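# Sequence and predicted structure, then a few things I'm wondering about:
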Amino acid sequence: MRKSVSAIAMALAGGMAAASSPAIADFQISGSSGAILQAADITAFDEPWAMTFLPTGTLLVTTKPGKLFHVTQAGEKTEVDGMWDVAYGGQGGLGDVVPHPDYANNGYIYISNAERSGGRSARAVVTRVTLDLSGERPMLTDHTRIWTQEPKVSGRGHYSHRIAFGPDGKLFITSGDRQKQTPAQDFDKSLGKIIRLNDDGSVPDDNPWQDQGALARTFWSIGHRNLLGIDFDSQGRLWTNEMGPRHGDELNLIVKGDNYGWPVVSWGDNYSGIPIPDHDTRPEFNAPEAYWVPSIAPSSLVIYSGELFSEWKGDAFIGGLVSQALIRVDIDGETAQEAERFEWGERVREVEQGPDGALWVLEDRDGGRLLKLTPKQPS
């Protein structure tokens, strides 16, 4: 899973979850195929963006303006000290947060954010820090820069900067095209790529492009636009979702060394109305396993592996912004198809699987709620 720690730690977390989670849902959400979810309203934030669970069963939640919170499953939240300034504005700000696979022993967490770098120039960065929970207030220490998006460019969009650890312990980072399009095909720019690094920021020697220059040695795949969801399934396969231009949002099964075609092909068109060739016109590019016209504006992704919704094991859940929905996608081998939408009139910024198998979502924008979703209980 995208933000898992270890099987033992998650089992321990599940025990805590049962003790601290609300017992009665605040409202119900009906799916388009008839399933009903119970939603417990846990707490709310100012522009929440990402969350992750720690082995203790507590959460870390980032907010786009630049605050990090340590949160209990009962909704008690404490701001974490030691955060740094971020480039807040447009799509920029504080981004993703994930624990190291061996967090229980080393205390490392990884945080992404947009960083201003002279005038209107900006870029995404990833920093490794140690989370100290021993004092009265949680504290970040030992800051180490792990990755810097190159080059820095003007604009405030398409940072992507989602983070995941793979089953092999390598760090994967989504790097958006920064709305510049053509760099997604360039080997001398890290824009529009999926990055793969060792946990200390060094470059693995088994990445696919070893002879295209130092920067290209960090690439795992190329030809991407704005990847805002990333997760591994139980088979160790990497999945991402990415926003298309005018429609054409994608769910992709990522293959080492493949080119996903942006901006040469897309199932969407440019916002100007100028058409883009469809994927089936250029078979040399890897086409998405699923795509959406009209747009759902995918914001996040989790491949479900729990027992609470056992019939959905192996399915993808995608947070939708413009679609204002939590979208379930049935994955069968290497094929994928939307199966159901859960709508309650709010933009869904983030979705994550909890230690006990519940689905947790963050609503977008000011007052965005943290919700815990569980199966509807019998009357």
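Happy to help now that I have it. Residues are numbered from 1 along each chain as shown.
# got any ranges where this protein has weak pLDDT?
Low-confidence segments of the chain, defined by pLDDT under 70: 1-25, 379.
# Spell out for me which residue occupies the centre of it.
The centre of the chain sits closest to Gly229, judged by C-alpha atoms, centre = their mean, with a distance of 3.8 Å.
# Quick check: neighbours of whatever helix or strand that one lives in in the sheet, parallel or antiparallel?
Gly229 is part of strand 226-232 when elements are defined by DSSP states H and E. Sheet pairing of strand 226-232 (DSSP bridges) gives strand 238-243 (antiparallel).
# from the middle of its chain, how far away would the partner strand be?
What separates the centre of strand 238-243 from the centre of its chain is 9 Å, taken as C-alpha atoms, centre = their mean, to the nearest Å.
# Following element in sequence after that strand, please.
Following strand 238-243 in sequence, per DSSP H and E, is strand 249-254.
# elements contacting the next helix or strand after that following strand?
Following strand 249-254 in sequence order, the next helix or strand is strand 290-292 (DSSP H and E). If contacts are counted by 3 or more C-beta pairs under 8 Å, 6 or more residues apart in numbering; DSSP states H and E, strand 290-292 sits against strand 249-254, strand 335-343. For every residue, glycine as well, the C-beta is placed using N, CA and C.
# Report the inter-axis angle for the strand holding Gly229 versus strand 249-254.
Angle of strand 226-232 versus strand 249-254, following axes from the mean of the first three to the mean of the last three C-alpha atoms, to 10 degrees, is 40 degrees.
# Switch the helices and strands packed on strand 290-292 over to CSV; also include distance to Ser295 and mean neighbour count.
Shown next, in CSV, are the helices and strands packed on strand 290-292 (distance: least, C-beta to C-beta, whole Å; neighbours: other C-beta atoms under 10 Å):
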stretch, distance to Ser295, mean neighbour count
strand 249-254, 5, 24
strand 335-343, 13, 17
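# Turn those into CSV, including distance to Val129.
Converted to CSV, those look like this (distance: least, C-beta to C-beta, whole Å):
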stretch, distance to Val129
strand 249-254, 27
strand 335-343, 34
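# Thought Ser266 was touching Gln181, still the case?
No. In this structure, Gln181 is not within contact of Ser266 by C-beta atoms under 8 Å, at 10.3 Å.
# and for the two, which residues touch both?
Taking C-beta atoms under 8 Å, 6 or more residues apart in numbering as the contact rule, Gln181 and Ser266 both touch Arg225.
# The two - which one has more neighbours?
For the pair Gln181 and Ser266, the greater number of neighbours falls to Ser266 (26 against 17), based on other C-beta atoms under 10 Å.
# What's the separation between Leu37 and Ala50?
Distance, Leu37 to Ala50, using C-beta to C-beta, to the nearest Å: 21 Å.
# Compare the two (neighbour count), which wins?
Each of Leu37 and Ala50 has its neighbours counted (other C-beta under 10 Å); Ala50 has more, 27 against 23.
# residue contacts, Glu150?
Going by C-beta under 8 Å, 6+ apart, Glu150 touches 123, 189-190, 215.
# Just say helix, strand or coil for it.
coil (DSSP: H, G, I helix; E, B strand; the rest coil).
# burial of Ile327, as a residue count?
The tally of other residues near Ile327 (other C-beta under 10 Å) stands at 27.
# Report the buried residues of the helix or strand encompassing it.
Here Ile327, judged by DSSP H and E, is contained in strand 325-332. Within strand 325-332, the residues scored as buried using 16 or more other C-beta atoms under 10 Å are 325-329, 331.
# Mind listing the strands that strand pairs with, and their directions?
So strand 325-332, judged by DSSP bridges, has these partners: strand 316-320 (antiparallel), strand 335-343 (antiparallel).
# still on that earlier bit, so which of the contacts of Glu150 is surrounded by the most neighbours?
Greatest neighbour count in the contacts of Glu150, by other C-beta under 10 Å, goes to Ser190: 24 neighbours.
# For stretch 257-270, measure first residue to last.
26 Å (C-alpha to C-alpha, to the nearest Å).
# what's the answer for stretch 188-198, then?
One end of stretch 188-198 to the other measures 20 Å (C-alpha to C-alpha).
# Can you point out the buried residues in it?
Quick answer for stretch 188-198 (16+ other C-beta under 10 Å): 189-197.
# which of the residues in the strand holding Gly229 are buried?
Using 16+ other C-beta under 10 Å as the test for burial, strand 226-232 gives 226-232.
# how about Val264, what does it touch?
Shown in contact with Val264 (C-beta under 8 Å, 6+ apart): 185, 223, 276-277, 282, 285.
# Whichever of those end up buried, select them in PyMOL.
To isolate the buried members of the contacts of Val264 in PyMOL, using 16+ other C-beta under 10 Å:
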select buried, resi 185+223+276+285
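# Any chance of the strands paired with strand 325-332 in JSON lines with distance to Asp132 as columns?
Output for the strands paired with strand 325-332, formatted as JSON lines (distance: least, C-beta to C-beta, whole Å):
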{"stretch": "strand 316-320", "distance to Asp132": "30"}
{"stretch": "strand 335-343", "distance to Asp132": "37"}
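# how about these, which one is nearest Gly135?
Closest approach to Gly135 among the strands paired with strand 325-332 (C-beta to C-beta): strand 316-320, 33.3 Å.
# Could you list the residues in contact with that closest one?
Residues contacting strand 316-320 (C-beta under 8 Å, 6+ apart): 229, 231, 239, 241, 251, 296-304, 326-329, 331, 336, 341, 347-351, 359, 361-362.
# at 7 Å instead, please
Contacts to strand 316-320, defined as C-beta atoms under 7 Å, 6 or more residues apart in numbering, come from residues 229, 239, 241, 251, 296-304, 326-329, 331, 336, 348-351, 359, 361.
# So which bits of stretch 112-132 are buried?
By 16+ other C-beta under 10 Å, the buried positions in stretch 112-132 come out as 112-117, 122-132.
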